[in-house]
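Enquirer: the following comprises the amino acid sequence and a computationally predicted model.
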Amino acid sequence: MHFALCNTNFVATASRRGAVRTRLQKSQAARAFRVYNPCAMQYQENKALEDHPGSSSRTAPVRHRPGWPVQGAVLGAVLLLTSGCAVGPDFRTPDLPAAASGADYTPAPMPARTMKSDVPAGQAQELLPGRDIPALWWEVFRSEPLDRLIRASLAQSPTLASAQAALRQAEATYDAKSGNLLWPQVTAQLGVQRERASEVSSRVAGGQLLTLYNASVNVSYNLDVFGASRRQIEGAQAAVEAQRYQVEATYLTLTSNLVTTAIREAALRGQLQATREVLQAQREQLGVIEKQFDTGAIPKSIVLQQRTQVAQTQAAIPPLEKSLAQTRHQLAVFAGRLPSEQGLPEFDLASLSLPQELPLSLPSELARQRPDVRASEALLHQASAAVGVATANLYPQIQLSGSYGNTALRARDLFTGPATLWNLGAGLTQPIFNGGALRAQQRAAVAAYDSAAAQYRSTVLGAFQNVADALRALELDAAALQTQATAESLARQSLELSTAQFRAGAVSYVTLLTAQQAWLQTHTALVQAQAARYADTAALFQALGGGWWNRGALADAAIAPGQPAPPAQQAAAPQN
């Protein structure tokens, strides 16, 4: 493995070529990537990694102005030393699988419309391929309490505030690296020293006490000939991008959790209401049966069986109430509140509207819309830059330094006296032997890139699975609701008929009991099927990325009352 370096004489040849080549070929992501030489406008093919794609990066040759041969040569030398070549791979966004260029997320094409049912939440939903996702996607449910809750939650969510603080940290880290690596470091030094000079040096009998005052300005700069600094800054910028998309992912997760939790609360309230309706009907039937028993028309065993049925139905209520309470607690926490705080809105299925038109992004656009995929891509970019840093560390490091100052025996003469001191220096450091540490660091960076590449592919696959799952759920849950609505209607009619026939003595109690159990099951299942359609709709919007690209920058989440303000807000730090 070797790298061409901008018309310089530095050519680093890897030791143990055969062993290194064998190890790299065994890499899971082994493929050719390009290391560019923009100064000579050439590149070499390096067979080390497969997933280090490069893009051509050419710079125009330096042109010498006519009549100024010396100045042109100096300018060319300065550009050569200061710009140099960034060794290592140039990052390019990985290509999506070939199947992503099609129009479908599932093996079989999705129907244009879902089935329709003559019950609440039974509207047919139409998929609109290519339509954009709204930024405030939860507004499609047309619930004002839900909209107010989400807006308030975004302003005080500790999870979102944490992600935003991490973004500010990444941005500050990038600024710090840029300042340290791109610009010369200039420092001022002022000192005073009391010393006793010997008789020999001072030529004064018994020696002489002296007070030395000195002031100087020191400048140092590392020439980024091989791109180590630029690759570090590239990695820091990628880290900022990764955290920025992590904020968007946190935003999407938070809004999705609020919507799905509100839907789950509405479903539990619907199940409680259905169970109580069944319980009320069973209690009314129990009253009729007890009167028949008092008249001697039926045996006591039938009374006991009906009482058992009532007790079983009543026993199903506390678990539902527990689940409802826990869901309310979870909703409060998602909203950034304590469970004991008042003012949390209540949700039921009647307060939600099922959208009849659903936008559907093209598969080729999904990876650019999903914030988790974009964050994973940024982490892959950061790993690619780290390979460049590890590669640049194998080459010479060039340092420039200089200082200018004065020394005087009296403070008032410090800036007026003739004792001016200055120096200019340059140094070159070339690693020769370090026990293989630098090569090992390069291999570690390559392995980290392989890991990031695999994680990126996994994230992309998961994103496409989420959309495919949501689409099939929309289709099949609409069909399930239609079937469940029919089953609930038949069970209710059967119960009404069995009740009338039992009171007339035409059927046995077993027939009535069977009808009661069937209606209980189908009535609660109908509520669950209705809630599933709302949940499927929310899952589709989440799987498609939530439309964050149609929204402006997020405001920082507010600090909860009683919490300390950030240090940056307490006192301004001196700027350097």
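Expert: Done, it's in.

Enquirer: tell me which element A188 is part of?
Expert: Assigning secondary structure by DSSP states H and E places A188 in strand 185-197.

Enquirer: tell me who's in contact with the closest residue to A386 other than its chain neighbours.
Expert: Excluding its sequence neighbours, the residue lying closest to A386 (C-beta to C-beta, 6 or more residues apart in numbering) is A445, at 4.7 Å. From N, CA and C alone the C-beta is placed, and that goes for glycine too. Taking C-beta atoms under 8 Å, 6 or more residues apart in numbering as the criterion, A445 is in contact with 383, 386-387, 389-390.

Enquirer: one more: G343?
Expert: G343 touches nothing, counting by C-beta under 8 Å, 6+ apart.

Enquirer: so which residue of the protein lies furthest out from the middle?
Expert: A205 (76.6 Å; C-alpha atoms, centre = their mean).

Enquirer: so which strand or helix has V460?
Expert: Assigned by DSSP H and E, V460 belongs to helix 437-503.

Enquirer: try A163
Expert: helix 158-182.

Enquirer: just the buried positions in that helix, please.
Expert: Buried residues in helix 158-182, defined by neighbour count with 16 or more other C-beta atoms under 10 Å: 159-161, 163-164, 166-167, 170-171, 174, 177, 181.

Enquirer: tell me the one of those residues nearest W519?
Expert: Using C-beta to C-beta, the shortest approach to W519 within the buried residues of helix 158-182 belongs to T159, at 42.8 Å.

Enquirer: quick check: the closest one touching T250?
Expert: Yes: judged on C-beta atoms under 8 Å, T159 makes contact with T250 at a distance of 6.0 Å.

Enquirer: how's this protein carved up into domains?
Expert: Residue ranges for each domain of the chain read 1-65+79-92, 151-170+229-376+451-548, as given by automatic domain parsing.

Enquirer: hang on, the earlier thing: how about the contacts made by the residue farthest from the centre of the chain?
Expert: Contacts for A205 were tallied using C-beta under 8 Å, 6+ apart; they are E199.

Enquirer: for it, report the pLDDT, please.
Expert: The pLDDT attached to A205 in the predicted structure is 73.

Enquirer: and the gap between it and S153?
Expert: Here the criterion is C-beta to C-beta, to the nearest Å. By it, A205 lies 85 Å from S153.

Enquirer: touching, A480 and A531? I think so.
Expert: No: under the criterion of C-beta under 8 Å, A480 lies out of contact with A531, with a separation of 11.7 Å.

Enquirer: have a look at these two and say which one is more surrounded.
Expert: In terms of neighbours (other C-beta atoms under 10 Å), A531 is the more surrounded of A480 and A531; the figures are 24 against 18.

Enquirer: tell me the secondary structure for the more buried one?
Expert: Put simply, A531 is helix when judged by DSSP: H, G, I helix; E, B strand; the rest coil.

Enquirer: ok, for it, nearest residue in space, not its chain neighbours?
Expert: Leaving aside its chain neighbours, A531 sits nearest to A267 (3.3 Å; criterion: C-beta to C-beta, 6+ apart).

Enquirer: can you give me phi and psi for I398?
Expert: Listed backbone geometry of I398 is phi -110, psi 130, with angles given as degrees, to the nearest 10.

Enquirer: ok, the nearest residue to it once chain neighbours are set aside - how many residues close by?
Expert: Counting by C-beta to C-beta, 6+ apart, the nearest residue to I398 once its immediate chain neighbours are dropped is L223, at 4.2 Å. For L223, the neighbour count with other C-beta under 10 Å is 17.

Enquirer: what helix or strand does L400 sit in?
Expert: strand 397-408.

Enquirer: that'll do, ta.
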